[in-house]
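Q: Attaching a predicted model along with its sequence, questions to come.
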Amino acid sequence: MPGKMRVETTVNGEAVEFLCEPRQSLLECLRDILSLTGTKEGCNDGNCGACTVIMDGRIVTSCLVLGVEAEGSQITTIEGIAGAGRLHPIQQAFLEGAALQCGICTPGFIVAAKALLDENPNPSEHEIRLWLANNLCRCTGYDKIVRAVQSAAAI
Amino acid sequence: MRAFEYASPTTKEQAVALLNNQWGETEVLAGGMDLLSLMKDDVTRPGRVINIKEIKELHGLQYSPSTGLRIGALVTLQELLENETVRKEYPSLAQAAEGVTSPQIRDLGTVGGDLCQRPRCWYFRGGFGLLAQDSSGKSLVLEGENKYHAILGNSGPAYFVNPSSLAPALIALGAKIRLFGPKGARDVAAGQFFVTPKTNQEREYALKTNEIVTELLVPPTGGARNATYEVRQKEALDWPLAAAAVSLKMSGKNVTSARIVLGHVAPVPWPVPDAEKFLAGKTVSEQVAQDTGGAAVTGAKRLSQNGYKVQLARVAVKRAILRAAEGGA
């Protein structure tokens, strides 16, 4: 069996290094090696978006990225979204708008929404829905999620 | 995922030296959107994975009015659709990339990967092989669940549809695919890149086992108006049910010559020369576009569940023509 490889990367602004097998996804490395369990595993196949993180300024499904591919990259997970002791406006809007029920999809939605609002601070409802097309929620029916993103955009 | 050996070469020479002469033993990793899910599903079990993303010359996109567009194989779908020149000169490519409605996939998925992704046929993905046959060699598709399968080029043994978003537009635009192997580079016309396999051991593209796609070369349009139109079940993340890309040389509203290529309807992207001839010399109108769509599907053969795709392909052609004539380059 191939041995472990050493990976140096930056997660939520902090330089980190870890050892992983080539077959371990970035999602597994974040959760199981770096103990950043905020990022969730849903389908583990790129369909549901629960594992969405920001990698070098772009949102990616971390289940479809190998840990070894993260070498030298900048990664932001849900743990890096909130400020010191204060929720990010998107998180606050999800909370106040009850834009979650079971919560498994929520970190992925919030990370994806942050990337959207960073690039496009005033998206239309249609743009929000299209952007979040690769994030699935089986509880809310999406309306409250879309409204939470709209209300965060309005702040 | 099963264990594998991982290599991340920095030159294309190193990369092809790591490939071998058997499909499936070694796989090339670009965006990983398809490969990693195939590996997780245990459909593909490589002993070695070669990450080509560290090869700098496979990145980047350049345009010159005299030679056209050069797209590195590792350009992402997002980079392609954000490029101003692509949007202006080659809207059919931007529209096709936009059809991949997941930002997560567009950010990692590459143009080379779009061409080399494996079919989405659920029998193939379920482990029944590329040709989806039972143990006696009988097709599972013909009497099975075939609502997303081929309506053209479906005399067997392959019934899957080519999944590439960009291929119809690339073929309509007369693009070439540059491949690199141990003997150096060779160019293949985009229309020749895709092949219909006769056995489960073959692949559905013209790459040799020790070659990689390095770039796409799209000639100048010469003013040809081009567009892609995809018909899909929903606007959000989904594969098209039928698509058409057209490239029209026009004089005013009159079409002097046309290239029309269907996607997602056959094991390979499907040029429709009869429809091209029908459209040439005509003035674009809704009726002419519709009749061209009809000419495009005259050879279609319905399977038990996919007859609806004939109408969708017809409509895709009609709308692609109207879209090209209205806007496009």
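A: All right, it came through fine.
Q: Give the buried residues for the lengthiest helix in chain B.
A: Criterion DSSP state H: the longest helix present in chain B is helix B:308-326. Within helix B:308-326, the residues that count as buried by 16 or more other C-beta atoms under 10 Å in any protein chain shown are B:309-310, B:312-325. The C-beta positions use only the backbone N, C-alpha and C, and glycine is treated the same way.
Q: now do stretch B:202-219
A: Residues of stretch B:202-219 classed as buried: B:204-205, B:207-208, B:210-218 (neighbour count, 16+ other C-beta under 10 Å).
Q: Max pairwise distance over these: which two?
A: Looking at the buried residues of stretch B:202-219 by C-beta to C-beta, the two members farthest from one another are B:210 and B:218, with 25.7 Å of separation.
Q: how about the CA coordinates for stretch B:137-155, as PDB?
A: What follows is stretch B:137-155 as a C-alpha-only set of coordinates in PDB (Å, rounded to 0.1, in the frame of the first residue of the first chain):
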ATOM      1  CA  GLY B 137     -23.700 -10.400 -23.700                       C
ATOM      2  CA  LYS B 138     -27.300  -9.200 -24.200                       C
ATOM      3  CA  SER B 139     -27.900  -5.400 -23.900                       C
ATOM      4  CA  LEU B 140     -29.500  -4.400 -20.600                       C
ATOM      5  CA  VAL B 141     -30.600  -1.100 -22.200                       C
ATOM      6  CA  LEU B 142     -33.000  -2.300 -24.900                       C
ATOM      7  CA  GLU B 143     -35.500  -3.900 -22.600                       C
ATOM      8  CA  GLY B 144     -34.400  -1.900 -19.600                       C
ATOM      9  CA  GLU B 145     -34.400   1.700 -18.300                       C
ATOM     10  CA  ASN B 146     -33.400   3.600 -21.400                       C
ATOM     11  CA  LYS B 147     -35.100   6.900 -21.100                       C
ATOM     12  CA  TYR B 148     -31.800   8.800 -21.200                       C
ATOM     13  CA  HIS B 149     -30.100   6.600 -23.800                       C
ATOM     14  CA  ALA B 150     -29.300   7.200 -27.500                       C
ATOM     15  CA  ILE B 151     -31.800   8.000 -30.200                       C
ATOM     16  CA  LEU B 152     -29.200   8.200 -32.900                       C
ATOM     17  CA  GLY B 153     -26.200   6.000 -33.700                       C
ATOM     18  CA  ASN B 154     -28.000   3.400 -31.600                       C
ATOM     19  CA  SER B 155     -27.700   0.200 -33.700                       C
END
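Q: which residues does the nearest residue to residue B:123 once chain neighbours are set aside contact?
A: In this structure, residue B:123 finds its nearest non-sequential neighbour in residue B:132, 3.4 Å apart by C-beta to C-beta, 6 or more residues apart in numbering or on different chains. Applying C-beta atoms under 8 Å, 6 or more residues apart in numbering or on different chains, one finds that residue B:132 lies in contact with B:121, B:123, B:124, B:139, B:140, B:141, B:144, B:159, B:160.
Q: which bits of the stretch 151-300 of chain B sit near chain A?
A: Residues of the stretch 151-300 of chain B lying near chain A by C-beta under 8 Å from any C-beta of the partner chain: B:235, B:236, B:237.
Q: and if we set it to 6 Å?
A: On the criterion C-beta under 6 Å from any C-beta of the partner chain, chain A has as its neighbours in the stretch 151-300 of chain B the residues B:236, B:237.
Q: For the stretch 151-300 of chain B, which segments count as strands?
A: B:176-181, B:184-189, B:212-218, B:225-231, B:242-251, B:254-263, B:270-271 (DSSP state E, counting those that start in this stretch).
Q: mind checking which of those is nearest residue B:1?
A: When the strands of the stretch 151-300 of chain B are ranked by proximity to residue B:1, the top entry is strand B:212-218, at 22.0 Å, counting by C-beta to C-beta.
Q: how much space is there between residue B:36 and residue A:65?
A: Taking C-beta to C-beta, to the nearest Å as the criterion, residue B:36 is separated from residue A:65 by 8 Å.
Q: quick one: the residue of chain B positioned farthest from its centre and residue A:110, what's the gap?
A: The outermost residue of chain B, judged by C-alpha distance from the chain's mean C-alpha position using C-alpha atoms, centre = their mean, is residue B:136 at 31.0 Å. Residue B:136 sits 52 Å away from residue A:110, taking C-beta to C-beta as the criterion.
Q: Just give me the neighbour total for residue 82.
A: If you meant another chain, say so; for now it's chain A. When neighbours are defined as other C-beta atoms under 10 Å in any protein chain shown, residue A:82 has 14 of them.
Q: nope, chain B
A: Residues lying near residue B:82 (other C-beta under 10 Å) number 13.
Q: thinking again about what came up before, can you flag which of the contacts of residue B:132 belong to helices?
A: Among those, the ones falling in helices (DSSP H) are B:123, B:124.
Q: ok, of the contacts of residue B:132, which come out buried?
A: Buried positions within those, assessed by neighbour count (16+ other C-beta under 10 Å), are B:121, B:123, B:124, B:139, B:140, B:141, B:144, B:159, B:160.
Q: so the fifth one touches residue B:123, yeah?
A: By that I understand residue B:140. Yes. At 5.2 Å, residue B:140 counts as touching residue B:123 under the criterion of C-beta atoms under 6 Å.
Q: Could you list the low-confidence segments of chain A?
A: Screening chain A residue by residue with the criterion pLDDT under 70, one finds the ranges A:1-2.
Q: one more time with 50
A: Applying pLDDT under 50 to chain A picks out no residues at all.
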